[in-house]
Every structure is written in C-alpha cells, then in structure tokens.
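**Student:** no sequence on this one, just coordinates:
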C-alpha cells in the first residue's frame, strides 16, 4: 500500500511520487517541490505505478477538469481516492472538485468511475449523457463506496441524463445529489440501475440528501432491463428537497427489491409507490402541510397513512401535542380469506388481571356502519408462566351472522358527519407484565376508515 498525492501544479512524472508512508503537516511542509506530487488522477495512473490498495490523495482546495470520457476506468478497482486538508494532509477533508466535461460533440459519451472508495469529492458532470458510478466488473468482491461526496448534474431540454449504477455492490454514505433544479429542463437526471443483484450485489444510499426541481411525472429511478435483478436500499435519506416520484409507474416483480427505511420524503415521492408484503409494509416518513413528519405504510393488501388534520379529541398524540389518526385503505385484492392485516400499536402492560382493550374507528360522510364480519381486533399478550403469547380476538366464525359494531360517543375532528364505532376485546387467560401487540383485520375490499392509534385500556 502506498500514498500518492495530487494537486494542480504538480509536475511528478515518475513513480517517485509514490510514498510508502503517509505525509503529515501542511501541504507546503509535506512537499518542498512541485515535482514531489502529481497534477491529476490521470497522471497518477500514467506515472505512479499504482497497485492494489493504494491511496490517491487530493488537496481539498483543488479543482480538476477532465475532458475525455472513460477516464478513471481501470481494471484494478481496489484504489481509494480521498480529499485531504491542505493545512494538514493527514486529515480527510471534503472539498476537492472534479469536473467532467465531454470534449466531443456526441452527447452519449460516458464517464466511468472504477475506484473502490471515494471520500469528500465534489463531482460536477457536464454535457454527456451517462455517468457510471460503480464498476463494470462482476468479479469485484469489494463494495464501491462513496462517502461525503457531492454529485451535480444539470437537466436537459433534449436528452435524459443518468447516474448509472451497475453490477457490483455500490454504497453511498452521507452524499448529496443535485438532480437538476430548472423548471425548463424537460429531462431531469435519474439513477439507472443495471442488474446489481444479479451480480451478487446491491445498491444502498445511507443518510444521503437529494435535491431537484419538483415534478409529479419525472421519476427518480429507472431500470435498464425488465429482467434485471435489483436490490436497492434508501436508509435515513432526505428527499424533502426532491419532490419527484421515486419509481416509474407499473413497476412490480419478484426481481425487484426496494427498501425505504427511516427516510424523510416529499409527497410526490410516493406516486407509483411500490407495495410491501402482506404482513410487512414499505414505510415512508412524509412532511404534511403542517410541517409535521408522519408515517405512510404500504402493504400488499392496503395502506396506512397518519393524519394530523383528522383525529379523536382524546386520542393518540405525538410528544409535541399533535393529535393523529391513521387512515386505513384496503385494496381490491382483499377477501374474507385474504384480509388486510396490520399492527396498530405495541406497548408493555401487566395483564395478570383481566384487561379490556378498545379501539376507536370512524368513517367520513355518514358512511354505513361496519360489522364484525368486515373488521376485527386481535390482541396478543404474554402468558404468566411461559413465553407463549395469548391471543384474544373479535373475529367471528363465517357461519355466524354478522353484527353491527357498537356505536361510539367519542368526538372526532376533521370528519363530516362521521360514523363512529369501536371494537373491544377482553383478556381471558392469565397474563403477566410484557409486550402487548394490537392488530386489526379488514375483510372487505376498497374500504376506507380512520382508526385512533391510542388503545383505551380498562
């Protein structure tokens, strides 16, 4: 492993700029002559005898301009490129800029980046259509990782531009992506994924920020081939400045896995939203009109959306005093034998004595009352002697005639002439202190109602 230093003005044209130990101190202290470091990354590859595991270290006050496509695409990708502090070259410091500008008239030229690790680089991408982030090599066992980098690509009135991510593992951590911010650019930049799972890999964005002009139609993601296997993860990302659909319309299939976890989303991000499984949802955190971040959960058989404008007056509230309800919508796949099942809430409770659990629901605009054959309540609680959970339910045998759920006297805000009801169940077996889990089952398709997440316990 060696260290090769890069700053504009460097004149090193041999492997003498390849150091077996890292430099310390300021740039002017570490280097007494410009022939001790390289002018750019291409000069490093041309003259520095780069080998596996080497570090290419860029001064954080530097700007590098590349005019030729396919630069930096090398067969050995196990090199690390790091922006370092001009005042202390031993300290990583974001700031080095690399500007890619296509020198040919063809708009289809690509820039392909093949190193295994990039830290603190500000990339700007002009003219050409496609920017390949990652590696073309299936056999690469290392994840290609970008950390604390910034990516800037403008939109185009003529061509669709892409950040292309392909084949091997690719991880973006604490990065910022500028994806076009001009309303007169018909084509805003997108991410294009190519068979990363099929190569044994995945793509993950962790704590990244996305910035773009708002659109309800210009999706953020595109997939190169319908048969590609994709494993895509957004973890703790911020889309509050990127109000565009995440995925294309009608995207569905066993070859596609998209995980959105703990992200801050805008409303248009959920257009074409992909469903979770029957039991486990795809979950989003969305900013509502009151500047409150609420959860939206999409299951295979329905959805749950939190609302701060519709709520029970004595109901669930966040720590800042905001009251909320959940809007429940079952889709047209739901049947009596295939219900929309979801967890409403969980909490710790002593059930050594009998407890009654009551859940309040409401429908808007004087809708018809619901029955116990259309919706049911399940409560799981811990046994007094073993780890097995007891289950009590309001579910009725299908052979038994349905009964209308009891009418509720609770007050709701935000609904017109609401139909108010409740479900209630009492424990029968002796329990103990432990986790209680409250679930609802919806047995009819295309049903919409509101439920208060606060369970009344007596």
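**Tutor:** Looks like it arrived, so ask away. Quick caveat, the model's predicted, so the values are computed rather than measured.
**Student:** distance between the ends of stretch 414-424?
**Tutor:** Distances were taken as CA to CA, to the nearest Å; on that basis the terminal residues of stretch 414-424 are 24 Å apart.
**Student:** Please give the centre-to-centre distance between that stretch and its chain.
**Tutor:** Averaging C-alpha coordinates over stretch 414-424 and over its chain gives two centres that are 35 Å apart (CA atoms, centre = their mean, to the nearest Å).
**Student:** Test my guess that residue 210 contacts residue 234.
**Tutor:** No - the pair residue 210 / residue 234 is not scored as a contact, 9.2 Å apart, by CB atoms under 8 Å. Heads up, the C-betas are built off the backbone N, CA and C, glycines and all.
**Student:** Find residues that contact each of those two.
**Tutor:** When contacts are counted by CB atoms under 8 Å, 6 or more residues apart in numbering, residue 210 and residue 234 have no shared neighbour.
**Student:** List the buried residues for stretch 439-458?
**Tutor:** By neighbour count with 16 or more other CB atoms under 10 Å, stretch 439-458 contains the buried residues 439-444, 447, 449-456.
**Student:** So for the helix ranked longest in the chain, mean pLDDT?
**Tutor:** Looking only at the chain and at elements set by DSSP state H, the helix with the highest residue count is helix 41-47. Here the mean pLDDT over helix 41-47 is 87, rounded to a whole number.
**Student:** packing partners for it?
**Tutor:** Of the remaining helices and strands, those touching helix 41-47 by 3 or more CB pairs under 8 Å, 6 or more residues apart in numbering; DSSP states H and E are strand 3-6, strand 55-59.
**Student:** will you turn those strands into JSON lines that also has distance to residue 352?
**Tutor:** Output for the helices and strands packed on helix 41-47, formatted as JSON lines (distance: least, CB to CB, whole Å):
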{"stretch": "strand 3-6", "distance to residue 352": "65"}
{"stretch": "strand 55-59", "distance to residue 352": "62"}
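**Student:** Relative to residue 180, which of those is closest?
**Tutor:** Smallest distance to residue 180 across the helices and strands packed on helix 41-47 (CB to CB): 26.3 Å, for strand 55-59.
**Student:** following that closest one, which helix or strand shows up next?
**Tutor:** The helix or strand immediately downstream of strand 55-59 is strand 63-66, counting by DSSP states H and E.
**Student:** Could you pull out the helices in the stretch 201-350 of the chain for me?
**Tutor:** Secondary structure of the stretch 201-350 of the chain (DSSP state H, counting those that start in this stretch): no helices present.
**Student:** the bottom helix or strand of the chain by mean pLDDT?
**Tutor:** Sorted by mean pLDDT, DSSP states H and E, the helices and strands of the chain end with strand 110-113, the least confident at a mean of 57.
**Student:** Check the gap between residue 81 and residue 435 for me.
**Tutor:** Using CB to CB, to the nearest Å, residue 81 is found at 48 Å from residue 435.
**Student:** neighbour-wise, which of those two wins?
**Tutor:** The neighbour count for residue 81 versus residue 435, taken as other CB atoms under 10 Å, is higher for residue 81 (26 against 12).
**Student:** For that one, give me its contacts.
**Tutor:** Shown in contact with residue 81 (CB under 8 Å, 6+ apart): 41, 55, 56, 57, 58, 115, 117, 118, 119, 121.
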